[in-house]
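[1] pasting the sequence and the predicted coordinates here, then a few questions.
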Amino acid sequence: MSRLGVLYKWMQGRFYFDELYNVALIQPTLGLARWTYTFIDKVVIDGILHGVARAAFARRSVPRVRPRSDQCGADALAESIKSAGRSIRELQTGQIQITYCSFC
């Protein structure tokens, strides 16, 4: 073992693969994730949302308009889709064979 010297130590350390993997892939990925969170999320997205909120509160004195009757049709469509989903939910048992047979 002592004849191998450095090679033995290198093999004993599993060729330092875990350390290399950590330095080459894990740490840069974590750094990118931190930067994305601090800059993209905190500065860009939150900045846009806060700007929209300020603009909405600035226009708060504008009177609200009631929806027209033709806009209520979308609500009726949404309710009918929700109702259909509730009734179809009973067909789903988690077993794909039964689901396919119910539509055959």
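    Noted; the coordinates are in hand.

[2] switch to C-alpha atoms for all contacts and neighbour counts from now on
    OK.

[3] remind me which residues of the protein are low pLDDT?
    Scanning the chain with the threshold set as pLDDT under 70 gives 1-2, 59-74, 91-104.

[4] how many other residues sit next to Trp6?
    Wrong residue type there; residue 6 is Val, not Trp. Using other C-alpha atoms under 10 Å, Val6 is surrounded by 10 other residues.

[5] what sits against it?
    Applying C-alpha atoms under 8 Å, 6 or more residues apart in numbering to Val6 gives no contacts.

[6] make it 10 Å
    The neighbours of Val6, taking C-alpha atoms under 10 Å, 6 or more residues apart in numbering as the test, are Gln12.

[7] repeat that for Met11.
    Contacts of Met11 by C-alpha under 10 Å, 6+ apart are Leu4.

[8] that one and Arg3: what is the separation?
    Per C-alpha to C-alpha, to the nearest Å, Met11 is found 13 Å from Arg3.

[9] in the chain, which spans are helices?
    Secondary structure of the chain (DSSP state H): helices at 6-12, 17-21, 27-35, 46-58, 72-89, 96-103.

[10] give me the contact list for the second one.
    Right, the one you point to is helix 17-21. Against helix 17-21 from outside (C-alpha under 10 Å, 6+ apart): Gly13, Val23, Ala24, Leu25, Ile26, Gln27.

[11] ok, of those, which come out buried?
    Among those, none counts as buried by neighbour count (16 or more other C-alpha atoms under 10 Å).

[12] of the residues you listed, which is the nearest to Trp35?
    Closest to Trp35 out of the contacts of helix 17-21 is Gln27 (12.2 Å), distances taken as C-alpha to C-alpha.

[13] coming back round to it: so can I have TSV of the contacts of helix 17-21 showing distance to Arg89?
    TSV is the format used below for the contacts of helix 17-21 (distance: C-alpha to C-alpha, whole Å):
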residue	distance to Arg89
Gly13	55
Val23	49
Ala24	48
Leu25	44
Ile26	43
Gln27	45
